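Give me a model of this one.
(one chain, ligands or ions: 2)
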Amino acid sequence: MNQPLTMSAPSAEPFQCTPLPIGWLVEGYRIRHLVARGGFSFVYQAVNRSGEVFALKEYFPHGFVKREDREIEPTVLPDKEQAFWYGMKCFFEEGRTLAQIRHPNVIRVCDLLRAHETVYLVMAFEEGRNLQHYFHAKRGRVSEPFLRALALRLLSALRAVHAHRLLHLDLKPANVILRHDGQPVILDFGAARHGIAHELAWQRPMYTPGYAPPELVAGQHEAIGPWSDLYALGAILFAGMTGKPPPKAEERQECDTVPEQLQALADRYSESLRTLTETLLARDPLARPQSAYAVYKRLRDEGTVTLSARISDAAKEHIAAPGVDQADAPAPTSMTERTAAHSPAAAHQPAL
Ligand SMILES: Nc1ncnc2c1ncn2[C@@H]1O[C@H](COP(=O)(O)OP(=O)(O)O)[C@@H](O)[C@H]1O
Ligand SMILES: [Mg+2]
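Numbers count the residues shown, from 1 in each chain. Ligands and ions are numbered 1, 2, ... in the order given. Okay, here's the model as predicted:
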């Protein structure tokens, strides 16, 4: 059985990996600046000929390719060709599937480009900050209304993703952008794979320790399913409450401190939220809820406030948080209004 790879980027980079130059034109999209440099990509902000702003994600797996100053095409390193091409295929398929999903909390993929011997994903550019920075700024004391609103939107997004027979498999705060109005948007389906479980058997999934469920870490492909993303959602809730991800799945096997860590938060979080988080973080996949919708219903039915009120709370908290960019932050409005403003297609989504 293939062993999964951890998600950590190669630490030392003996080869030069230069991003594309500012002003460079990629099939009609002009690079404005580099937004992020991940283990597998460069993300740029770019504008098209009409001046619309997009995020351009360039498939660039560091450690497999290099690019010197003034070069444009990445050069694949010796012996890495197979891995590079396989990764490119996954990247391309990820883009193709994502392009079919229209959901206000899932990144909108507008186009896929082949250029410079690699592939580019053209996405809506999401203003905001990533959830990891937000959690960091709050030092783990994220309020319960915020976490409930967040979970509801992420569950709604996961339901849409799973309905396309896609699993995220690397859901974590760093892969969620929090818009200024408090709406979360899931990105980075880089570890996503088509065709649940059985088609995974020949692949080597990648994961982030702490957020990855035991079945992914152990390479038990037949046990991977929508519930694996629900584990990651539990880990996000845990991180919001404690300021750090849960212990790695391997450590939990030896000595599981999750129940006692959650118990210690009894003065700040309701029993129902702590229990839900613990259930989502069940080590046994069968002990977890099996579908995003089941959890969504449970959370929704527990609530006494309306979803839009919760989102408004979340938005206020977000805007008031220390260090959060306040420029252009819209006044909180009802979720329906904001959603429609951001994504006209969202109006066609089945309401969860
Ligand atoms: N569509 C987007 N709009 C704005 N920022 C984005 C977008 N996509 C990615 N980013 C930024 O780039 C970072 C890395 O993107 P991600 O897709 O997670 O790539 P990686 O595979 O390198 O982790 C994100 O954390 C986010 O800050
Ligand atoms: Mg990422």
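
Which per-residue confidence value corresponds to whichever residue of the stretch 201-350 of the chain sits closest to ligand 2?
Closest contact between the stretch 201-350 of the chain and ligand 2, by Cβ to the ion, is at residue 208 (8.9 Å). To be clear about C-beta, it is placed using only N, CA and C from the backbone, and glycine gets the same treatment. Confidence at residue 208, expressed as pLDDT, is 85.

from what I can see it touches residue 170, true?
Yes. Contact criterion Cβ atoms under 8 Å: residue 208 and residue 170 qualify, at 6.0 Å.

so how many other residues sit close to residue 180?
Neighbourhood size, residue 180 [other Cβ atoms under 10 Å]: 21.

Confirm it sits in a strand?
No. Under DSSP: H, G, I helix; E, B strand; the rest coil, residue 180 sits outside any strand and is assigned coil.

Report the separation between it and residue 245.
Remark: distance between residue 180 and residue 245 (Cβ to Cβ, to the nearest Å) = 25 Å.

Ok, residue 16 next?
Using Cβ to Cβ, one gets 32 Å for the distance from residue 16 to residue 245.

Look at these two and report which has more neighbours.
Neighbour totals were compared for residue 16 and residue 245, and residue 245 leads with 19 against 11 (other Cβ under 10 Å).

Not including adjacent chain positions, what is the nearest residue to that one?
Distances taken as Cβ to Cβ, 6 or more residues apart in numbering place residue 210 nearest to residue 245, at 3.1 Å, with adjacent residues excluded.

so the one you found makes contact with residue 246?
Yes. Using Cβ under 8 Å, residue 210 makes contact with residue 246 at a distance of 5.7 Å.

What count of nearby residues applies to residue 165?
13.

If you could redo that for residue 96, that was the one I meant.
Using other Cβ under 10 Å, residue 96 has 13 neighbouring residues.

now swap in residue 161 and tell me
Residues near residue 161, counting by other Cβ under 10 Å, number 25.

Repeat that for residue 170.
22.

Can you tell me how far residue 162 is from residue 294?
Taking Cβ to Cβ, one finds residue 162 at 12 Å from residue 294.

Can you pull out the low-pLDDT segments for this protein?
Applying pLDDT under 70 to the chain flags the ranges 1-13, 190-206, 304-352.

so what does the one helix or strand residue 45 maps to touch, helix or strand wise?
Assigned by DSSP states H and E, residue 45 belongs to strand 41-47. Under the contact criterion of 3 or more Cβ pairs under 8 Å, 6 or more residues apart in numbering; DSSP states H and E, strand 41-47 touches strand 29-37, strand 53-59.

hey, which of these is tucked in deepest?
Mean neighbours per residue, mean count of other Cβ atoms under 10 Å, is largest over the helices and strands packed on strand 41-47 for strand 53-59, with a mean of 22.
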